[in-house]
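Student: sequence and predicted structure, then a few things I'm wondering about:
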Amino acid sequence: MALNYIWSSFFLVGFVAALYQWLYFGDTLIFAKIIEGTFTSAKSAVMDIALPLAGIMTLWLGIMNVGEKAGAVGWVARLIAPFFSRIFPGVPKEHPANGHMVMNFSANMLGLDNAATPFGLKAMESLQEINPNKDEASDAQIMFLVIQTSGLTVIPLSIMAQRAILGAADPSDIFIPCLLATFASTLVGVVAVSLRQGINLLDRVVLSWLGGTTLACAGLVYYFAYYLNKTEIEVVSKISANLILFSIIVTFILGALRRRVNVYEAFIEGAKGGIQTSLTVIPYLVGMLVAIGVVRNSGVLGMIVSGMNWVCLQLGVDNSWTGALPTALMKPLSGSGSKAMMIDTMKAYGVDSFVGRLVSIMQGAADTTFYIIALYFGSVGIRKTRYAVGYGLLADVAGMIAAVFVAYLFFG
């Protein structure tokens, strides 16, 4: 029901904003721009997302099936069971969904988007198997999705690479700020959903896992910040991420061979679902991306930025951060859109300016809520999202606010 109102609101808000610009500013091309954007968004949903996703899904679902036959996914599930049984109480301790979620979270943290999405869709499919109401998101699915939207990433490699392309003096200077902002986003999301679902956050196991993860992140930050220069950070990031990913594939194959599993047949068996999953999500992606395109092309974001500048001036508050607001507003709606705005902002203000660094931190602080909801819930046919959208956006807002504070702390 929430997506129904949100989807409809995007079109209504876009229409009102376009009408306002036509009547008050004489922009006669605004409606043509919106309609052209709907066709572009629909094409992009299929050609740029669904079709490339089909190949990636086919590959990684096949590899995941090999891992399941090898017992590797089950082993990971048993390892993480004490913690996951607390924050995902509705998922049995040794259910494969636990292993799938761990693989997804690990890939996200390493910035391996191509692997993270198939792992995530497989995890959502596994959670759907134990969902008593197939049309409505379960508590476990909502917790999983909110962690997804918080975008916890340890190594923001693509952002550092883009900064290097644009000539940043130190492309990796946003590494620690990004990690702090995305950690804040994830922490707020997990705590908020836990409180809503009645999960005991003071449980000894939960505290030890969250504390251990925090210490591990802090140690990694310390190592990268004080022992590596910018070139070494990029090299270590690339090598470690890809080495870990390739090691996973080799481990799955060796484990399957040890169990005398026909590896090729296991791969083909799992890969068959890749194309079907991609076809299933096309209507959801087209619908959501077209609605987002209407908002983007109607000029709503520019109006919000102008309004926020006026508010800051009236309150006597520094408004340096408002130049990054379009990226922050676009982030929950479109990953590619927010990336494009990040690049445009860095070009306009300067890649090493305060705003240029802030948009980089915002890009790494959270993930694309509406895209993730459309993709993940659409892949298993969930229509009733319950409170998933609200709490996903809460994590996004926490990440954006943290990004502003961290940017002032490091670069203000």
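Tutor: All right, it came through fine. Numbers count the residues shown, from 1 in each chain.
Student: now stretch 160-169: average pLDDT?
Tutor: Computed over stretch 160-169, the mean pLDDT rounds to 79.
Student: stretch 108-123 too?
Tutor: Per-residue scores along stretch 108-123 average to 73.
Student: same question, stretch 191-208
Tutor: For stretch 191-208, the per-residue pLDDT averages 89.
Student: same question for stretch 355-367.
Tutor: Here the average pLDDT along stretch 355-367 is 88.
Student: for stretch 132-140, same thing?
Tutor: 92.
Student: contact partners of it?
Tutor: 88-91, 97, 127-128, 130-131, 145, 197, 377, 380-386, 388 (CB atoms under 8 Å, 6 or more residues apart in numbering). For every residue, glycine as well, the C-beta is placed using N, CA and C.
Student: how many residues are close by residue 232?
Tutor: By other CB atoms under 10 Å, 12 other residues sit near residue 232.
Student: tell me the pLDDT of it.
Tutor: 73.
Student: follow-up on the earlier one: and the contacts of stretch 132-140, which of them are buried?
Tutor: 88, 90-91, 97, 127-128, 131, 145, 197, 377, 380, 382, 385-386, 388 (16 or more other CB atoms under 10 Å).
Student: of the residues you listed, closest to residue 184?
Tutor: residue 145 (18.4 Å; CB to CB).
Student: just the CA coordinates for stretch 323-342, please, in PDB.
Tutor: Taking C-alpha atoms only, stretch 323-342 is exported to PDB below (Å, rounded to 0.1, in the frame of the first residue of the first chain):
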ATOM      1  CA  GLY A 323      24.900  22.800  -2.800                       C
ATOM      2  CA  ALA A 324      25.000  19.000  -2.000                       C
ATOM      3  CA  LEU A 325      21.300  18.800  -1.400                       C
ATOM      4  CA  PRO A 326      20.300  17.600  -4.900                       C
ATOM      5  CA  THR A 327      22.600  14.600  -4.500                       C
ATOM      6  CA  ALA A 328      21.100  13.800  -1.100                       C
ATOM      7  CA  LEU A 329      17.600  14.100  -2.400                       C
ATOM      8  CA  MET A 330      18.300  11.900  -5.400                       C
ATOM      9  CA  LYS A 331      20.200   9.200  -3.500                       C
ATOM     10  CA  PRO A 332      17.000   7.400  -2.200                       C
ATOM     11  CA  LEU A 333      15.500   7.600  -5.700                       C
ATOM     12  CA  SER A 334      18.100   6.700  -8.200                       C
ATOM     13  CA  GLY A 335      21.700   5.400  -7.800                       C
ATOM     14  CA  SER A 336      22.700   6.500 -11.300                       C
ATOM     15  CA  GLY A 337      20.900   9.800 -10.900                       C
ATOM     16  CA  SER A 338      22.700  10.600  -7.600                       C
ATOM     17  CA  LYS A 339      26.000   9.600  -9.200                       C
ATOM     18  CA  ALA A 340      25.400  12.000 -12.100                       C
ATOM     19  CA  MET A 341      24.500  14.800  -9.700                       C
ATOM     20  CA  MET A 342      27.600  14.000  -7.600                       C
END
